[in-house]
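Student: make a model of this:
(one chain, ligands or ions: 1)
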Amino acid sequence: MDAILLHNATIVTSSGETTGSIFLSEGKICEIIYSGQDDYELAVRRTAERYADVETIELAGKHLMAGGIDAHVHFREPGLTHKADIETESMAAVAGGVTSVMDMPNTSPATISAERLISKLDCVGERSYVNIGFHIGATNGNIEEIRNIINGKTDVPSAKTGGVKVFMGSSTGNMLVDSKDTLDSIFEIKERPVLVHCEDEETIRTNLEKAKEQYGDDIPFKEHMNIRSRKACIRSSIKALEKAISKKTKLVLCHISTKEEMEMVRAAKGNNPDIIAETSCNYLWFCDEDYERLGSKVKCNPSVKTKEDRKALRNALADGIVDIIGSDHAPHLLSEKAGTYTSAPSGLPSIQQTLPVLLTVAAEEDIPLSRIAAVFSENASDLYGLKRGKIQTGYAADIVIFDIEGKTDVTNDDQYSKCGWTPYDGASLEGRIETVFVNGRKVMENGKVMTGNSYGKLLEFNC
Ligand SMILES: [Zn+2]
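Tutor: Predicted coordinates:
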């Protein structure tokens, strides 16, 4: 048996930072030896002797973490592959330190049946650079199908089924769920996390009409924040949280964008500790001041809100209320984004900036890296019952190594996403990702993704 020895790295987990060495073999983390223990170097040597051949990578001064688990991506396959596809977007994921993703169901066609889920699983083949899994979408009419899928009563193995995504009061394709009975049934699901996109459609419609009256066809992009308003988010989130409390749902409140929702989640966790707060780097980074400069390039749903909201989200990241970071990576072509307010689609490509943005926010807000390890991979690992996303023996060797003193100067030219741009263009972010392992194989070296090294597997959920 051969092994790779990651020697003398600063190992970051949710418990803190310690220097140590890690042996990887057969795709897994086999041995972790911390430098604090007696005879550390001797223990490393003895362990190395157990393997036929050991490749040693010296990492003194470098940081090492479990690769990110991003449970909220839109890789656009099938149907929208002119914007993005699994191969290109999984390369972008690697470059952002992410080694596992879960794709949302609003593809074309939408992932709302066992048949569609199977065809999505089948289309991965050997093209993904990161591990990948798929959520199922809820509609007003597929609750029986969802029950059958998550209970393994269809041709999809239950371990290949991610969470259940609900667009609550916000339509994406035919996935608007507005029937009260259907919503009640969805919130009764216990086998999987229920992920909700909360924005109240009626509030949005009224606000949009008002903006059209005031501006005609020339609605400024800054109005996005007033159209997809905080009230729209709060109204819908209150409903979701109330239901999750009364039905004890394992609820993921997706991409939280307001201070009020974060406070509501803080309170709701007291009643149901299974409520999970997700936010995205976009809301930790951008604010109302960016609409002027970026226009449609910062148009996403929910909208980016105020500077004060951003600060509240950063505080919630610091004090443990934010559980997971989902990139909500949602590529569109720049030509599509070039339209007017009403014609430019919502969504931002962002996955390639995930870890550098988190490291920057951590530096700016004095947040310990242990918190970053928790929200980047460990909490999602627990939520979805994955044998990856932690620096622990027996777990998959999905690992990101970075130079915390380095910088990531973001340019559109350096993006792996098929859409070829990022709203972070021009940003100078903290940390430089150097090496990434997926299932024990090197997929990024010296800051470049290694073309052809697509070693991602389908995720095995054990929720
Ligand atoms: Zn999304």
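
Student: ranges for the strands of the stretch 251-400 of the chain?
Tutor: Listed in chain order, the strands of the stretch 251-400 of the chain (DSSP state E, counting those that start in this stretch) span 251-253, 276-279, 324-325, 399-409.

Student: list the helices and strands the second one packs on?
Tutor: In terms of contacts (3 or more CB pairs under 8 Å, 6 or more residues apart in numbering; DSSP states H and E), strand 276-279 is packed against strand 251-253, helix 259-271, helix 307-318, strand 324-325. Quick note: C-beta positions are derived from backbone N, CA and C, even for glycine.

Student: rebuild the strands of the stretch 251-400 of the chain as CSV, extending it with mean pLDDT.
Tutor: Shown next, in CSV, are these (pLDDT from 0 to 100):
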stretch, mean pLDDT
strand 251-253, 98
strand 276-279, 98
strand 324-325, 98
strand 399-409, 98
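
Student: between these, which one is nearest to residue 293?
Tutor: Set against residue 293 and scored by CB to CB, these come closest in strand 399-409, at 17.8 Å.

Student: what's next to that closest one, contact-wise?
Tutor: For strand 399-409, the surrounding residues in contact (CB atoms under 8 Å, 6 or more residues apart in numbering) are 6, 9, 22, 24, 29, 59, 61-68, 97, 99, 353, 355-356, 359, 391, 427-437.

Student: residue contacts, residue 193?
Tutor: Per CB under 8 Å, 6+ apart, neighbours of residue 193: 163, 164, 250, 251, 252, 276, 383, 384, 463.

Student: would you check that the first one makes contact with residue 195?
Tutor: Yes: here residue 163 lies in contact with residue 195, judged by CB atoms under 8 Å, at a distance of 4.9 Å.

Student: re the thing from before, please list only the buried members of the contacts of strand 399-409.
Tutor: Buried residues within the contacts of strand 399-409, counting neighbours by 16 or more other CB atoms under 10 Å: 6, 9, 22, 24, 29, 59, 62-68, 97, 99, 353, 355-356, 359, 391, 427, 429-437.

Student: narrow these to those in strands?
Tutor: 6, 9, 22, 24, 29, 63-66, 68, 99, 429-437 (DSSP state E).

Student: can you give me the helices for the stretch 301-450 of the chain?
Tutor: Assigned by DSSP state H, counting those that start in this stretch, the stretch 301-450 of the chain shows helices spanning 307-318, 334-337, 354-365, 369-373, 379-384.

Student: keeping just the C-alphas, turn the fourth one into PDB.
Tutor: So that's helix 369-373. Below are the C-alpha coordinates for helix 369-373, written out as PDB (Å, rounded to 0.1, in the frame of the first residue of the first chain):
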ATOM      1  CA  LEU A 369     -10.400  29.700  11.700                       C
ATOM      2  CA  SER A 370     -12.100  27.000  13.800                       C
ATOM      3  CA  ARG A 371     -15.400  28.700  13.000                       C
ATOM      4  CA  ILE A 372     -14.500  28.600   9.300                       C
ATOM      5  CA  ALA A 373     -13.800  24.900   9.400                       C
END
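
Student: phi, psi for residue 32 please.
Tutor: Reported as degrees, to the nearest 10, the phi and psi values for residue 32 are phi -130, psi 120.

Student: show me what contacts it?
Tutor: Residue 32 sits next to 11, 20, 21, 22, 23, 391, 392, 393 when contact means CB under 8 Å, 6+ apart.

Student: recalculate using a threshold of 6 Å.
Tutor: For residue 32, the contact set (CB atoms under 6 Å, 6 or more residues apart in numbering) comprises residue 22.

Student: ok, now how distant is it from residue 381?
Tutor: 16 Å (CB to CB, to the nearest Å).

Student: over to residue 329?
Tutor: Going from residue 329 to residue 381 by CB to CB gives 19 Å.

Student: please say which of the two ends up with more neighbours.
Tutor: Ranked by neighbour count (other CB atoms under 10 Å), residue 329 and residue 381 place residue 329 first, with 33 against 22.

Student: partners of the more buried one in the sheet?
Tutor: Going by DSSP bridges, residue 329 is paired in beta bridges with residue 73, residue 348.

Student: residue 20: which element?
Tutor: Using DSSP states H and E, residue 20 sits in strand 16-25.

Student: average pLDDT for that strand?
Tutor: Computed over strand 16-25, the mean pLDDT rounds to 98.

Student: give me the neighbour count for residue 238.
Tutor: For residue 238, using other CB under 10 Å, the count is 16.

Student: which pLDDT value belongs to it?
Tutor: 97.

Student: mind checking the SS state of it?
Tutor: helix (DSSP: H, G, I helix; E, B strand; the rest coil).

Student: roughly how far apart are it and residue 245?
Tutor: For residue 238, the distance to residue 245 equals 11 Å [CB to CB].

Student: please enumerate the helices of the stretch 151-300 of the chain.
Tutor: Assigned by DSSP H, counting those that start in this stretch, the stretch 151-300 of the chain shows helices spanning 180-187, 201-215, 224-227, 230-247, 259-271, 281-285, 291-294.

Student: so which of the ones you listed comes closest to residue 444?
Tutor: Of all those, it is helix 281-285 that lies closest to residue 444, at 19.1 Å by CB to CB.

Student: that closest one - contacts with which helices or strands?
Tutor: Identification of packing neighbours for helix 281-285 by 3 or more CB pairs under 6 Å, 6 or more residues apart in numbering; DSSP states H and E yields helix 307-318, helix 354-365.

Student: quick one: contacts of that helix?
Tutor: Outside helix 281-285, the residues within contact range by CB under 6 Å, 6+ apart are 257, 313, 314, 348, 350, 354, 357, 361.
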